[in-house]
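Engineer: Sequence plus the predicted model coming up.
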Amino acid sequence: MQETRVSKQPPGLFLLFGVEMWERFSYYGMRAFLVLFLVSTAGGFGWSKQEASNLYGWYIGLVYLTPLLGGYLADRFLGTHRAIIIGSIVIASGHFCLAVPSRPTFFLGLALIILGTGFFKSNISTMVGQLYQPGDRRRDPAFTIFYMGINTGAAVGPIICGYLAESKRFGWHWGFGAAGVGMVAGLVTYLLLKKRYLPGIGEVPAGRVAERAGHVHQPLSSEEWHGIAAIAILAFFNIFFWVAFEQAGSSMNFFAKERTELHFLGIDFLAPYFQSVNPIAIVVLAPVFAWMWGRLAARGREPSTPVKFATGLFLMSASFAIMVVAGRLSDAGARVSPLWLIATYVLQTCGELCLSPVGLSMVTKLAPARFASLMMGIWFFAFFVSDRCSGILAGLVEKFERGEVFHIMGGQADFFLMFVVVTLIAGVALFALSGPVKRLMRGRA
């Protein structure tokens, strides 16, 4: 009888946890101060907020577009194991290029991180799924554990890299370099422990496995097409969530720097530190959500995946309602308490836990095995769209402040109100479609 207890997760899961933790340390560590560097006249580029937000949107968007290429190459030629090694080396090289104080190396560094993440991002998530056979009930808890690894790195990165970047003793390029050190740590960990804890996993491309089994030329079954359709529908609604969520690194980062009281309870904060609130809340709350889903499942009352997604959108809408109030208060000219941002990020975290780890697990369940990494890349393509839109919208924040877009409450309150309305409408629409989407899944997610 197959063991399905969470306590008996394969040890390879925890190795992938650690590798992803370091990669996310590097990504979120640099992301936490990127726009602040771009607008700074003290060692940065001195750009406008619109220019900085647009570049930020292109960067985080392309980071999620290149997994399409990386997923295809892994499925057909490389295997997930080699793709992760290539991605790690290229990402680390990119961060070290950013550490060199010149514009050419800055843009080269961003390009290398974008390319390297394409090889790394979709394939490490796919490798988690490769640890389990179809129907293994450990898969969903495994992705919750893996997601905690993502957010452990995301919590520490902004604090360490943000401190070095904004410190007068060090400076921006120390922050960029520290992110590269984190990526090297992840690669070394993987190379040292892979043979012991992940023997054979990811070494043969999925397409080659299908060829050996004689499945590669077989047409997709109706069930597989239904699974792909369900992934596509939820990927579309995923866009609305992440357009709002990614304001954290742009418009809300500016809000933290310019409109938030940074001395609180005797502690001096730096704006990048607020980027750690979400991942810290993830680490704290992920076990609670895993327990809650388990309890509801035992009673036969666990929400379907589409309903969980809709709930995430509703929570995102509620979080920006908080920012509407904070924006209105700050428009009067006073800096607001950091508790407004903290409350917003915690509520967004609850929404994220209803949506993101659930989505990763769903893709590994519904995607045809021979296209597993490619389908994960397609899933991340939705993030490219959302992140690009997020950067465009963040670039409009000053126009909202001047009332040039529309005027309801005025100032930044109107800017944040936009996200309240859009995510609420998307949540209602998905909730209405939850029944048909659930039928497409046929009980597999």
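Structural biologist: Arrived safely, thanks for sending.
Engineer: Just the buried residues of stretch 40-60, please?
Structural biologist: Within stretch 40-60, the residues scored as buried using 16 or more other Cβ atoms under 10 Å are 40, 44, 47, 49-50, 52-60. (C-beta placed from N, C-alpha, C; glycine too.)
Engineer: Tell me the gap between stretch 102-110 and the middle of its chain.
Structural biologist: 23 Å (Cα atoms, centre = their mean, to the nearest Å).
Engineer: returning to what we had before: mind checking which of the buried residues of stretch 40-60 land in helices?
Structural biologist: Per DSSP state H, helices hold the following members of the buried residues of stretch 40-60: 49, 50, 52, 53, 54, 55, 56, 57, 58, 59, 60.
Engineer: quick one: which of those is nearest to residue 310?
Structural biologist: residue 60 (24.4 Å; Cβ to Cβ).
Engineer: hang on, the earlier thing: out of the ones in helices among the buried residues of stretch 40-60, who's nearest residue 12?
Structural biologist: So of those, ranked by how close each gets to residue 12 (Cβ to Cβ), first place is residue 60, at 28.9 Å.
Engineer: mind checking how far that closest one is from residue 149?
Structural biologist: 20 Å (Cβ to Cβ, to the nearest Å).
Engineer: now residue 367
Structural biologist: 22 Å.
Engineer: Check residue 360 too.
Structural biologist: Counting by Cβ to Cβ - residue 360 and residue 149 are separated by 12 Å.
Engineer: cool, residue 362 as well?
Structural biologist: 19 Å.
Engineer: Over to residue 164?
Structural biologist: 23 Å.
Engineer: ok, now which ones touch residue 183?
Structural biologist: 22, 23, 25, 26, 88, 91, 92, 95 (Cβ atoms under 8 Å, 6 or more residues apart in numbering).
Engineer: what helix or strand does it sit in?
Structural biologist: helix 172-197 (DSSP states H and E).
Engineer: quick one: buried residues of that helix?
Structural biologist: Neighbour-count burial for helix 172-197 flags 172-173, 175-187, 189-190, 193-194 (criterion: 16+ other Cβ under 10 Å).
Engineer: Could you verify that residue 219 is part of a helix?
Structural biologist: No: assessed by DSSP: H, G, I helix; E, B strand; the rest coil, residue 219 does not belong to a helix; its assignment is coil.
Engineer: start at 429 instead
Structural biologist: Taking 429 as the first residue, the last one we looked at is residue 647.
Engineer: Give me the pLDDT value at it.
Structural biologist: Residue 647 carries a pLDDT value of 80.
Engineer: tell me, how many neighbours does it end up with?
Structural biologist: 7 (other Cβ atoms under 10 Å).
Engineer: Roughly how far does it sit from residue 797?
Structural biologist: The value you get for residue 647 to residue 797, if Cβ to Cβ is used, is 15 Å.
Engineer: Show me what secondary structure element comes after the helix or strand bottoming out on mean pLDDT in the chain.
Structural biologist: Of all helical and strand segments in the chain, the minimum by mean pLDDT, DSSP states H and E falls on helix 634-641, at a mean of 58. Next helix or strand after helix 634-641 toward the C-terminus (DSSP H and E): helix 650-673.
Engineer: buried stuff in the helix or strand just after that following helix?
Structural biologist: Next along the chain after helix 650-673, taking DSSP H and E as the criterion, comes helix 679-687. Buried residues in helix 679-687, defined by neighbour count with 16+ other Cβ under 10 Å: 679, 680, 681, 682, 683, 684, 685, 687.
Engineer: In contact with the second one, which residues?
Structural biologist: I take that to be residue 680. Residue 680 makes contacts with 702, 751, 769, 772, as judged by Cβ under 8 Å, 6+ apart.
Engineer: Check the residues you listed for burial and list the buried ones.
Structural biologist: 702, 751, 769, 772.
Engineer: Relative to residue 825, which of those residues is nearest.
Structural biologist: residue 751 (11.8 Å).
Engineer: secondary structure element for the closest one?
Structural biologist: In the assignment (DSSP H and E), residue 751 maps to helix 733-759.
Engineer: What residues of the following helix or strand past that helix count as buried?
Structural biologist: Beyond helix 733-759 on the C-terminal side, the first helix or strand identified by DSSP H and E is helix 766-794. Neighbour-count burial for helix 766-794 flags 766, 768-794 (criterion: 16+ other Cβ under 10 Å).
Engineer: and if you look at stretch 551-567?
Structural biologist: For stretch 551-567, by 16+ other Cβ under 10 Å, it's 551, 552, 553, 554, 555, 556, 557, 558, 559, 560, 566, 567.
Engineer: Show me the two of those residues that sit farthest apart.
Structural biologist: 551 and 566 (20.4 Å).
Engineer: Now do the spatially closest residue to residue 468 that is not a sequence neighbour against residue 825, distance only.
Structural biologist: Residue nearest to residue 468 in three dimensions, not counting chain neighbours: residue 474, with 6.9 Å by Cβ to Cβ, 6 or more residues apart in numbering. Between residue 474 and residue 825 the computed distance is 18 Å (Cβ to Cβ).
Engineer: would you turn the buried ones among the contacts of residue 680 into TSV with pLDDT and distance to residue 846?
Structural biologist: Conversion of those to TSV gives the following (pLDDT from 0 to 100; distance: Cβ to Cβ, whole Å):
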residue	pLDDT	distance to residue 846
702	93	21
751	97	11
769	96	18
772	97	15
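Engineer: Which two among the residues you listed are spaced furthest apart?
Structural biologist: Among those, 702 and 751 lie farthest apart (Cβ to Cβ), at 12.4 Å.
Engineer: where does the stretch 629-778 of the chain have low pLDDT?
Structural biologist: Within the stretch 629-778 of the chain, the segments meeting pLDDT under 70 span 634-645.
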